[in-house]
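Engineer: Pasting the sequence and the predicted model now:
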Amino acid sequence: MSTKPQFGADLEARHARFDVDRYEDVYVVGDVHGSLDALKRLLARLELNDDDLVIFVGDLVRKGPDSPGVVDFVRADPRLVSVRGNNEQKILRGDKDPDWLREGDREYFESLPIAISFDAALVVHGGVDPERSLEDHTADELLTMRSPHGDGYDGPFWYDDYDGPHRVFFGHTVHDRPVDREHAVGLDTGCVYGGELTAYDYRNDEFRTVASKTHQDRASSKVVDPA
């Protein structure tokens, strides 16, 4: 199946479509949150070649120790692309004004698409509402979706009832291990909270992880068991 997502006009302008037949290996990577050391170790484990592609689910920055380093590292490598996360959005809205922010960083965050798609896959930061079409979603909803008809980390979560047609890769909601379902793959495994940084190997249908240091504490009630 190779269904291209259909968005409203505003979101379609912020949607990037990739032809993955052009790439040898394709990986989708969870929330980095300024954890440059873990990112470098994960990519070293992937042993990237020149014709590989790595897509991040957003939240490259904030909370961890080296957000500028992560930004520079991703921007410098054409094999690395990212959707926008809610933490980049907070900076763009002016809700957060970190002291590490440099000239050009906001412009880079603004350039990040809200969605990336390839084959029948869709990469967004938060998720989708299974009861509504993609055309009816706003950018903020795709960035922050967690429990559209529930109560945050108490659930129920959007992916509990989602059955396609796209396979959605997402971050935002912290899990103690990857979400691995037919139509939903969750990749935020708490890298900045002492968990792991996780990549999904699209060609081989398997996860690759590296351990990370604890840069911030997190209540256990806000780490989800995907079971």
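Structural biologist: Nice, thanks for sending it over. Keep in mind it's a predicted model, so treat the numbers as computed, not measured. Numbers count the residues shown, from 1 in each chain.
Engineer: If I look at the nearest residue to Arg22 once chain neighbours are set aside, what pLDDT would I see?
Structural biologist: In space, and not counting its chain neighbours, Arg22 is closest to Asp51: 7.5 Å by C-beta to C-beta, 6 or more residues apart in numbering. All C-beta spots, glycine's among them, are computed from the backbone N, C-alpha and C. Looking at Asp51, its pLDDT is 98.
Engineer: With Ala227 instead?
Structural biologist: Confidence at Ala227, expressed as pLDDT, is 85.
Engineer: how many neighbours does it have?
Structural biologist: A count of neighbours around Ala227, defined by other C-beta atoms under 10 Å, yields 7.
Engineer: for Glu24, same thing?
Structural biologist: 12.
Engineer: isn't it right up against Val54?
Structural biologist: No - Glu24 is beyond contact range of Val54, at 11.9 Å (criterion: C-beta atoms under 8 Å).
Engineer: got the CA positions of the helix or strand where Arg106 lies in PDB?
Structural biologist: Using DSSP states H and E, Arg106 maps to helix 105-111. C-alpha atoms of helix 105-111 as PDB (Å, rounded to 0.1, in the frame of the first residue of the first chain):
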ATOM      1  CA  ASP A 105      17.600  28.600  15.200                       C
ATOM      2  CA  ARG A 106      14.000  29.900  15.000                       C
ATOM      3  CA  GLU A 107      14.200  30.000  11.200                       C
ATOM      4  CA  TYR A 108      15.300  26.400  11.200                       C
ATOM      5  CA  PHE A 109      12.500  25.300  13.500                       C
ATOM      6  CA  GLU A 110      10.000  27.200  11.300                       C
ATOM      7  CA  SER A 111      11.400  25.300   8.200                       C
END
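Engineer: Which positions in that helix come out as buried?
Structural biologist: Residues 105, 108-109 are the ones in helix 105-111 that count as buried (16 or more other C-beta atoms under 10 Å).
Engineer: would you turn those residues into a markdown table with distance to Tyr162 and pLDDT?
Structural biologist: Compiled in a markdown table, those are given as follows (distance: C-beta to C-beta, whole Å; pLDDT from 0 to 100):
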| residue | distance to Tyr162 | pLDDT |
| --- | --- | --- |
| Asp105 | 33 | 98 |
| Tyr108 | 31 | 98 |
| Phe109 | 27 | 98 |
